[in-house]
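1. structure of the sequence below:
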Amino acid sequence: MFMKKENIPHVVLAAIALCGVIMLVFSTEQGPGVGGDATIYFAAARNLLEGRGVGLIGPRGEFRLTPYDPPLFPMLLSLFGLVSIDMVAAAQWLNVLLFAAIILLVGETIYHLARSTVLSLSAALLVMASPVLVPLYSWAMTEPLSCFLGFGGLVLLLLYFREPRRWWAFAASTLTAGLAFVTHYKSVPFLVAGAAGVFLLSRKPWLSRLGRSALYCVLGFVPMGAWLWYSVSMTSGVASRRFETGAGMMGRVSSLGVLLRDAVLFWFIPDSWISAPPYPYLLNRLLLSLFTLVMLAWCAAVGWKIIRRVVDREEVEGRLRLSILLALFTLGHLAMVVITYIIIYPPITVNIRMLSPVHLAVLWLVVVLLSLSRDLFPITRAMNVVVAAGAVVLLVWYGWRTFRIVRYNYAAGMGFQSVEWKQSETLRQVRNLPEGTLIVTNEELVILFLLDRPSYPLAEIYLNEPLAEFTMYGDGELVGDTAQRTFREEGAALVLFDAIYDQLELIYGEDIDERVITLTEGLEKVFEGKDGAIYYYPSGE
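-> Numbering: from 1, shown residues only. Predicted coordinates:
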């Protein structure tokens, strides 16, 4: 029996999602990428499973809550652990499924709003082949879950706009946006965009729209409010950051533009071309400026045509609402990044990962704008050919870049799951230290993830401040430095990995060699490997 014609687009979308699944399986062959944040998630999930709570265990067995990380992702991981599923493997397959889900969400939404198989499949292919999204979903991070919940909430809002009597769609949208927020703090723009969308796009009197927008915010904030109430009651705080000084804010403003530029440029060119392009560097700035101007002009032109009622508004209303929601989210996310980076200390990291939800929103928005432009402007055959050629070139370019990323991840692994870390001589030696030995190190999260041993961090790296006087470790100021005091007075082991040079160079610059030599000179070295060494404070001194 032949397949019905109307089912073909959905089957092809499913095939594209399956291709995305296969890519991620290869990309995570060595395991999902694990870094510092993921290590905290896994440790918090284990501690929750053991009845201690969402937090970390210190070197002496003390428990502390982690108020700077929302709890939903660790709680979800602990559910897998509850049924004896390895939580690292669960995070890997959760990301694989979420990648397939976001591909289908984007493709199916475009298909149902635009009734265009070509645009629907193009959108799905762009998401599947994105060199930004494939690496993101290859790591054990909160973004895959928060993006699915957040964008899913915006799509649910479209159902509510289409039929306001569907209160279940309104409630489901607020719930998913709220859950995205409680997955990651930076997902609050989903909640803001949804509330703004309710006010701007509903067909109700302005007072009614204002009330429903406020209700959207209140209901969406309930999950986070519950977490903050618990967090404050347990720790008397909600985060580990504070406000930056005035001078510090001025310095942040000057550096923010470069960070945002580099993160967005990665959407178009490989990372190596950002710092050292094989062409005049000025072209990178022109590329970013041109992209920004084109997007602004395109949105303005589409909006102007709709305002002038060039077409029946009902024909484009669903796509118009989606484009406005995506634009609201994009602007809200960028505003959140800019404000948070400037006023908060220590600063958030503005990089490709931070802007990855914006990348997904912009990909989606571009396809929606193409669909609207097809109905609003006279499109010639030549213009169709140019657009189609551009789409093919972009897909090939994205596919080539993503293939290289997947191939590298397949062979080398990512983060603490890399082959290099798994074969570390120094880690093998640390594993053989007597049980109960306290550890001070410059890579405490590596040791926590791979060996499940809590340790003390090297204070200079943690505080990111230079010392006024260089001393051997253990001979410095012990007041307030628990790690150094423990090393000197209680026989803790100092485990220094070679990354110490890169970590301290950011603090000491040209004095890095002198600092590292002074740090260990006179200590008792009991092991030296290719990637690090282990020291003790000299006995009898």
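2. switch to C-alpha atoms for all contacts and neighbour counts from now on
-> Noted.
3. can you give me the strands in the chain?
-> 55-57, 63-65, 242-243, 344-345, 439-441, 456-457, 493-497, 524-528, 532-536 (DSSP state E).
4. got a list of what Ile500 touches?
-> Asn442, Val516 (CA atoms under 8 Å, 6 or more residues apart in numbering).
5. ditto for Asp69
-> Asp69 touches His184, Tyr185, counting by CA under 8 Å, 6+ apart.
6. what pLDDT does it get?
-> Residue-level confidence at Asp69 comes out at 76, pLDDT.
7. helices of the stretch 201-350 of the chain, start to end?
-> Under the criterion DSSP state H, counting those that start in this stretch, the stretch 201-350 of the chain contains helices at 206-235, 246-265, 271-275, 282-307, 313-343.
8. in a markdown table: those, plus distance to Pro434, mean neighbour count and mean pLDDT.
-> A markdown table is the format used below for the helices of the stretch 201-350 of the chain (distance: least, CA to CA, whole Å; neighbours: other CA atoms under 10 Å; pLDDT from 0 to 100):
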| stretch | distance to Pro434 | mean neighbour count | mean pLDDT |
| --- | --- | --- | --- |
| helix 206-235 | 33 | 17 | 89 |
| helix 246-265 | 44 | 15 | 88 |
| helix 271-275 | 43 | 14 | 92 |
| helix 282-307 | 54 | 14 | 92 |
| helix 313-343 | 43 | 19 | 92 |
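9. reformat these as TSV; add distance to Ile40.
-> Listed next are those as TSV, based on distance: least, CA to CA, whole Å:
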stretch	distance to Ile40
helix 206-235	16
helix 246-265	25
helix 271-275	28
helix 282-307	35
helix 313-343	22
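10. closest one to Leu125 among these?
-> helix 313-343 (18.8 Å; CA to CA).
11. what is the rounded mean pLDDT of stretch 18-33?
-> 97.
12. care to break this protein down by domain?
-> Following automatic domain parsing, one gets these domains for the chain: 5-412, 424-536.
13. for stretch 221-232, list the C-alpha coordinates in PDB.
-> C-alpha atoms of stretch 221-232 as PDB (Å, rounded to 0.1, in the frame of the first residue of the first chain):
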ATOM      1  CA  PHE A 221       7.500  31.800  37.900                       C
ATOM      2  CA  VAL A 222       6.000  29.300  40.300                       C
ATOM      3  CA  PRO A 223       8.600  26.600  39.800                       C
ATOM      4  CA  MET A 224      11.500  29.000  40.200                       C
ATOM      5  CA  GLY A 225       9.800  30.700  43.100                       C
ATOM      6  CA  ALA A 226       9.500  27.300  44.900                       C
ATOM      7  CA  TRP A 227      13.200  26.700  44.300                       C
ATOM      8  CA  LEU A 228      14.300  30.100  45.500                       C
ATOM      9  CA  TRP A 229      12.200  29.800  48.600                       C
ATOM     10  CA  TYR A 230      13.800  26.500  49.400                       C
ATOM     11  CA  SER A 231      17.300  27.800  48.400                       C
ATOM     12  CA  VAL A 232      17.000  30.900  50.600                       C
END
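14. by mean pLDDT, which helix or strand of this protein comes out lowest?
-> Ranked by mean pLDDT, DSSP states H and E, the weakest helix or strand in the chain is strand 242-243, scoring a mean of 74.
15. direction included, what does that one pair against?
-> Using DSSP bridges, the strands paired with strand 242-243 are strand 344-345 (antiparallel).
16. number of residues surrounding Cys147?
-> A count of nearby residues for Cys147, using other CA atoms under 10 Å, gives 26.
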